[in-house]
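Q: show me how the following folds:
(chains A and B)
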Amino acid sequence: MADMTQRASLSILKPGPLTTVQDLGRPGFAGIGVTPGGACDAISLRLGNLLVGNEEGAAALEITLGGLVVRFERETTFALTGAYAAASLGERRIDGWRRYRAIAGDVLRINFAEYEARLYLCVTGGIAAPETLGSRSTSLTTGIGGFKGRALRKGDALMIGEGDAPTGDAAIRAPERGGVLRVLPGPEWARFDREIQQALLTRTWRMATASNRMGARLEGPSLVHDLPELASHAVQLGVIQLPPAGEPILLLADAQTTGGYPKPLVVIQADLWRAGQFRPGESVRFREVTRDEALAALRKQREWLESVGRRLRADFGG
Amino acid sequence: MTETTDPHPSIQPLGEAALALSIDPSLPAQRRLWAAWHWLQKRHGDLEWVLGMGNLTGRFDPLATPVGRVEKMLETAWLKSEGAEAEKRKQVELPVTYDGEDLADVATHTGLDIPEVIARHSAPEYTVFCLGFLPGFAYLGGLDETLACPRRATPRQKVPVGSVGIGGSQTGIYPLASPGGWQLIGRTEIQLFLPGESPPVLLAPGDTVRFVPQSK
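A: Presented below is the predicted three-dimensional model:
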């Protein structure tokens, strides 16, 4: 444990299928093969942190498909963002995207997520895990970061950092996700034949059950091809690879840093959070945009995040 | 598109926030990439630079740094890398037990028998071209061409830690248990990823590696 003088602040009563500590990840180490990782839906993490008065990148719990039950061991201001799941604090119903205060002994129960894949439990002060390579994110493949480098289990006791909790009620509107990811043509786009190009952009794809934080296989028409393999090169969150067997792979936050499969499409930056919210079995479609449209979408997203942050900070003052 | 032997690299976007310089992989080309990589990290360390096999990718915030500027950085780094002196690097010996799951497939694909696959795999002195894929994973140059094997059509969900594999014309060691598409021919006990140590990886670009066959 990082600090024995501190009492545990958050006890895991039930971990759900996969709950990990995540922040905005550890960029800068891809050169030695360490994936940036971080929250699969960084927008929900940022917004949750803004709601509870944290820096946008404070560490929180990423709760895959819900199912988490925790007990607050001291007074804690918290917010749930991301996927929709029914939740309760004792007898009280808890809505997503809203700030709440729990007292010592309160139990927060999160049911299984009904829409989308990942919830974020943000607490004022953030989850106080030690930093590894500049981040508190759990890297499951590497076994570093977060809480002992692993997914949370029943009985784990987490520390919460110091922070000034904003008072009063505050809520924000959940961003709309939809079933479409906007994409740019990838480096190998032009090398695929027309039939494959068309299928990628017009067919409805299904996220395979075997999806995880590294990536999601996309089930649909098999796009078998015989493009030559590539020398290994950098890949990242949002890149869509097409292995020769013809099943596309959408790379997510914990994706390997390099790969060798051809890359027909790349999800635009403004939609990366959306990519992290598809559930196993859910449908997804891709829509091609131009580079200018991608930049405009990113600019709009940043302005919106800033305006939400400004509004919440103004609320704290009043 | 025409076939070209033009030694000039190409520069291509990977989405709106990454740009990759690529050239046909070779040891001389990779030496230049090491120099370009070091230069970029020193001069433009606020961007992230990732080395590959015959390629170098820059990641940037497209609203803060116009793509044209990143292109210029890559071009300049490549020009400056010509004739750059190589740094002195270390030599590493890795004991390998050649009993991988795909050893027989590799033998069939290459038309060699298993002892010959082992002999040809353990003969060369390999060069670490770059690190990537997983923490501490080294892409090695120098594989005997006759051992080249396509990656598996569908990657494995879990390759055991220490596995030695062949993917295309490359060979390498899995530093962690992970999904992977390479053909597995053996395994080593040596750890390549050492979290908590500095640096946290055993091998660096430019190091050389020899595989020493162990009896089972």
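Q: wondering if stretch B:170-186 reaches chain A at all.
A: Yes - against chain A, stretch B:170-186 shows contacts by CB under 8 Å from any CB of the partner chain at B:170, B:175-176, B:178-179, B:181. Just so you know, the C-beta spots here come from the backbone N, C-alpha and C atoms, and that holds for glycine as well.
Q: now the two most distant members of those residues.
A: Using CB to CB, those span at most 17.9 Å, a distance reached by B:170 and B:176.
Q: all helices of chain B, in order?
A: Applying DSSP state H to chain B gives helices spanning B:27-43, B:67-80, B:103-110, B:114-122.
Q: name the nearest residue to the residue nearest to the spatial centre of chain A, ignoring sequence neighbours.
A: Nearest to the geometric centre of chain A sits residue A:40, at 2.1 Å (CA atoms, centre = their mean). Here the nearest residue to residue A:40 in space, its sequence neighbours aside, is residue A:276; by CB to CB, 6 or more residues apart in numbering or on different chains that works out to 3.0 Å.
Q: most remote residue from the middle of chain B, which is it?
A: No residue in chain B has its C-alpha farther from the mean C-alpha position than residue B:63, which lies at 30.7 Å (CA atoms, centre = their mean).
Q: check chain A for its longest helix and report it.
A: With DSSP H as the criterion, chain A gives helix A:291-317 as its longest helix.
Q: pLDDT on that helix, on average?
A: Along helix A:291-317, the predicted local confidence has a mean pLDDT of 92.
Q: now for the closest residue to residue A:231 other than its chain neighbours: which residues touch it?
A: Counting by CB to CB, 6+ apart, residue B:53 is the residue found nearest to residue A:231 once chain neighbours are left out, at 3.9 Å. Under the criterion of CB atoms under 8 Å, 6 or more residues apart in numbering or on different chains, the contact list for residue B:53 reads A:231-233, B:25, B:30, B:129-130, B:139, B:141, B:170.
Q: what are the boundaries of the strands in the stretch 101-250 of chain A?
A: A:107-110, A:115-123, A:157-158, A:180-185, A:205-207, A:215-219, A:233-234, A:239-241, A:249-251 (DSSP state E, counting those that start in this stretch).
Q: which of the residues in the longest one are buried?
A: The neighbour-count check on strand A:115-123 (16 or more other CB atoms under 10 Å in any protein chain shown) flags A:116-123 as buried.
Q: could you list the low-pLDDT ranges of chain B?
A: Where chain B drops to pLDDT under 70, the residues are B:1-7, B:86-87, B:216.
Q: how close does the nearest residue to residue A:312 once chain neighbours are set aside get to residue B:8?
A: Among residues not flanking residue A:312 along the chain, residue A:50 sits closest, at 5.1 Å (CB to CB, 6+ apart). Applying CB to CB, to the nearest Å, the value for residue A:50 to residue B:8 is 47 Å.
Q: who has more neighbours, these two?
A: In this view residue A:50 and residue B:8 are compared by other CB atoms under 10 Å in any protein chain shown, and residue A:50 has more residues nearby, 26 against 9.
Q: then that one would be within a helix, right?
A: Yes - applying DSSP: H, G, I helix; E, B strand; the rest coil, one finds residue A:50 inside a helix.
Q: ok so, going back, what about the residue nearest to residue A:40, neighbour count?
A: By other CB under 10 Å, 28 other residues sit near residue A:276.
Q: quick one: the residue nearest the centre of chain B from residue A:27, how far?
A: With the centre of chain B defined as its mean C-alpha position, the nearest residue by CA atoms, centre = their mean is residue B:139, 2.3 Å away. According to CB to CB, residue B:139 stands 21 Å off from residue A:27.
Q: one more: residue A:92?
A: Separation of residue A:92 from residue A:27 (CB to CB) stands at 39 Å.
Q: which of those two has more neighbours?
A: When residue A:92 and residue A:27 are compared on other CB under 10 Å, the one with more neighbours turns out to be residue A:27, at 17 against 11.
Q: skipping adjacent residues, who's closest to the more buried one in space?
A: Once its chain neighbours are removed from consideration, residue A:27 has its nearest residue in residue A:36; the separation is 4.5 Å (CB to CB, 6+ apart).
Q: which ones are touching the one you found?
A: By CB under 8 Å, 6+ apart, residue A:36 lies in contact with A:25-30, A:236-237, A:253.
Q: mind giving me CSV with these and columns for secondary structure and pLDDT?
A: CSV is the format used below for the contacts of residue A:36 (DSSP: H, G, I helix; E, B strand; the rest coil; pLDDT from 0 to 100):
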residue, secondary structure, pLDDT
A:25, coil, 97
A:26, coil, 94
A:27, coil, 91
A:28, coil, 89
A:29, coil, 90
A:30, helix, 91
A:236, coil, 95
A:237, coil, 96
A:253, coil, 96
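Q: which of those residues lies closest to residue B:82?
A: Using CB to CB as the measure, the one of these that approaches residue B:82 most closely is residue A:30, at 25.6 Å.
Q: and stretch B:110-127, which residues are buried?
A: Residues of stretch B:110-127 classed as buried under the neighbour-count rule (16+ other CB under 10 Å) are B:110, B:112, B:117-118, B:120-122, B:124, B:126-127.
Q: show me which pair in the residues you listed is furthest apart.
A: Looking across the buried residues of stretch B:110-127, with CB to CB as the criterion, the two at the greatest separation are B:112 and B:127, at 23.1 Å.
Q: residues contacting the residue nearest to the centre of chain A?
A: By CB under 8 Å, 6+ apart, the residues touching residue A:40 are A:22, A:62, A:117-118, A:213, A:252-253, A:273, A:275-277.
Q: next, work out how far apart residue A:161 and chain B are.
A: In this structure, residue A:161 and chain B are 23 Å apart, going by CB to the nearest CB, to the nearest Å.
Q: about what we covered before: among the buried residues of strand A:115-123, which are in reach of chain B?
A: Counting by CB under 8 Å from any CB, no member of these reaches chain B.
Q: okay, these in CSV with pLDDT next?
A: Rendered in CSV, the data for the buried residues of strand A:115-123 read as follows (pLDDT from 0 to 100):
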residue, pLDDT
A:116, 95
A:117, 96
A:118, 97
A:119, 98
A:120, 98
A:121, 98
A:122, 98
A:123, 98
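Q: closest one of these to chain B?
A: Distances from the buried residues of strand A:115-123 to chain B were compared by CB to the nearest CB; the smallest belongs to residue A:117, at 19.3 Å.
Q: correct me if wrong: that closest one contacts residue A:275.
A: No - at 10.3 Å, residue A:117 does not count as touching residue A:275 under the criterion of CB atoms under 8 Å.
Q: residue A:233 pairs with what?
A: Here residue A:233 shows beta-bridge partners residue A:259, assigned using DSSP bridges.
Q: how near is it to residue B:14?
A: Distance, residue A:233 to residue B:14, using CB to CB: 8 Å.
Q: got it, and residue A:132?
A: With CB to CB as the criterion, residue A:132 and residue B:14 are 27 Å apart.
Q: over to residue A:94?
A: Following CB to CB, the distance that separates residue A:94 from residue B:14 is 40 Å.
Q: who's more crowded, the two?
A: Residue environment comparison for residue A:94 versus residue B:14 gives the larger neighbour count to residue B:14, 22 against 19, counting by other CB under 10 Å.
Q: got any residues that touch both of residue A:233 and residue B:14?
A: A shared contact of residue A:233 and residue B:14, defined by CB under 8 Å, 6+ apart, is any residue touching both; here these are B:20, B:57.
Q: ok, back up a step: out of the contacts of residue A:36, which is nearest to chain B?
A: Taking CB to the nearest CB as the measure, chain B sits nearest to residue A:30 out of the contacts of residue A:36, at 4.6 Å.
Q: ok, residue B:69 - how many residues close by?
A: Count around residue B:69 with other CB under 10 Å applied: 14.
Q: how about low-confidence regions in the stretch 151-300 of chain A?
A: Regions of the stretch 151-300 of chain A meeting the criterion pLDDT under 70 are absent.
Q: 90 - rerun?
A: For the stretch 151-300 of chain A, the stretches flagged by pLDDT under 90 are A:167-168, A:178, A:209-211, A:228-229, A:231-232, A:256.
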